[in-house]
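J.: quick one, structure for this:
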Amino acid sequence: MYRQALIDSGGDGVVAVHLSGRLSSTFEAAEQAARECGERVHVVDSQSAAMGSGFVALAAARAAAAGADLSAAYQAARDAVGRSRCVMVVHKLDHLRRSGRISATSSWLGTALALKPVLQIDEEGKLVLAQRVRTATKAIGAMVDNIVEFVGERRVSVTIHHVDNTETAEKVNELVCSRLVTAHEPVISEMGPVLAVHVGPGAVGVCAEPVD
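T.: Numbering: from 1, shown residues only. Reported below is the predicted structural model:
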């Protein structure tokens, strides 16, 4: 998968950023493909997903645009791993149960009690349950509270993700803008397919990275 990218780079090399290896086998396959291409391809496990991975890729791209060589661009990407936070609210628990993120008992209990899970990608790149609340409105508030606590007073880049739920994503965007005055023009975007499989239709999320 990297041979054409190497050609396109003029031989300078490739830094390939992938979503968390704890969410998909893509990174493992990428490592194997990179070994077959030699030392001019470096792969990075972003330990995140969606724009959490995007922030890592942007770090490498900015370094390269500023004149960094392959090694320095790779290091820039590695340094960016763990700098962001991604938090999500799930509409239903069914997809989490099918993907093995929660047990069947937890899924049944959560559905019976109409609980709304708030998920977070942790420091190891795993999708974990951060909180469960009783209503969708409270879940959205808890998600934004999580991001606000993480960001503090720092300037921040923010992306609002959703799975076929533009209306709620726009409401989340309004709430983020009102709570995070340091946010730089938040972007609204559809969630990627791998993460969407875990969280299911209706999910919304926020990915934020402090800006130096």
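J.: Val14 is in contact with Ala5, correct?
T.: Yes. Using C-beta atoms under 8 Å, Ala5 is in contact with Val14, at 4.7 Å. Any C-beta I mention is one placed from the backbone N, CA and C, and that applies to glycine too.
J.: these two - which one has more neighbours?
T.: With neighbours defined as other C-beta atoms under 10 Å, Ala5 and Val14 compare such that Val14 has more, 22 against 15.
J.: what sits against the more buried one?
T.: Tyr2, Ala5, Leu6, Cys37, Arg40, Val41, His42, Leu70 (C-beta atoms under 8 Å, 6 or more residues apart in numbering).
J.: wait, which of the residues you listed is closest to Ser189?
T.: Ala5 (23.6 Å; C-beta to C-beta).
J.: what secondary structure does the closest one sit in?
T.: helix (DSSP: H, G, I helix; E, B strand; the rest coil).
J.: contacts only, for it.
T.: Contacts of Ala5 (C-beta under 8 Å, 6+ apart): Val14, Ala16, Val41.
J.: just those residues now: which is nearest Ala50?
T.: Nearest to Ala50 among the contacts of Ala5, counting by C-beta to C-beta, is Ala16 at 17.0 Å.
J.: that's a strand at the closest one, yeah?
T.: Yes. Counting by three-state DSSP, Ala16 is part of a strand.
J.: leaving aside the residues next to it on the chain, what's closest to it?
T.: Val43 (4.8 Å; C-beta to C-beta, 6 or more residues apart in numbering).
J.: right, and the one you found touches Leu19 too?
T.: No. Using C-beta under 8 Å, Val43 makes no contact with Leu19, being 11.6 Å away.
J.: shared neighbours, the two?
T.: Here Val43 and Leu19 share the contacting residues Phe27, scored by C-beta under 8 Å, 6+ apart.
J.: same for the helix or strand containing Cys86, what does it pack against?
T.: Per DSSP states H and E: Cys86 is located in strand 85-89. Under the contact criterion of 3 or more C-beta pairs under 8 Å, 6 or more residues apart in numbering; DSSP states H and E, strand 85-89 touches helix 51-65, strand 116-121, helix 136-151, strand 204-210.
J.: the same query, at a cut-off of 7 Å, please.
T.: strand 116-121, helix 136-151, strand 204-210 (3 or more C-beta pairs under 7 Å, 6 or more residues apart in numbering; DSSP states H and E).
J.: turn the ones you listed into a markdown table, including mean pLDDT, mean neighbour count and distance to Val81.
T.: Formatted as a markdown table, these follow (pLDDT from 0 to 100; neighbours: other C-beta atoms under 10 Å; distance: least, C-beta to C-beta, whole Å):
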| stretch | mean pLDDT | mean neighbour count | distance to Val81 |
| --- | --- | --- | --- |
| strand 116-121 | 88 | 24 | 12 |
| helix 136-151 | 95 | 18 | 16 |
| strand 204-210 | 97 | 27 | 11 |
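J.: would you mind giving those as a markdown table with distance to Thr159 added?
T.: Below are the helices and strands packed on strand 85-89 laid out as a markdown table (distance: least, C-beta to C-beta, whole Å):
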| stretch | distance to Thr159 |
| --- | --- |
| strand 116-121 | 13 |
| helix 136-151 | 11 |
| strand 204-210 | 5 |
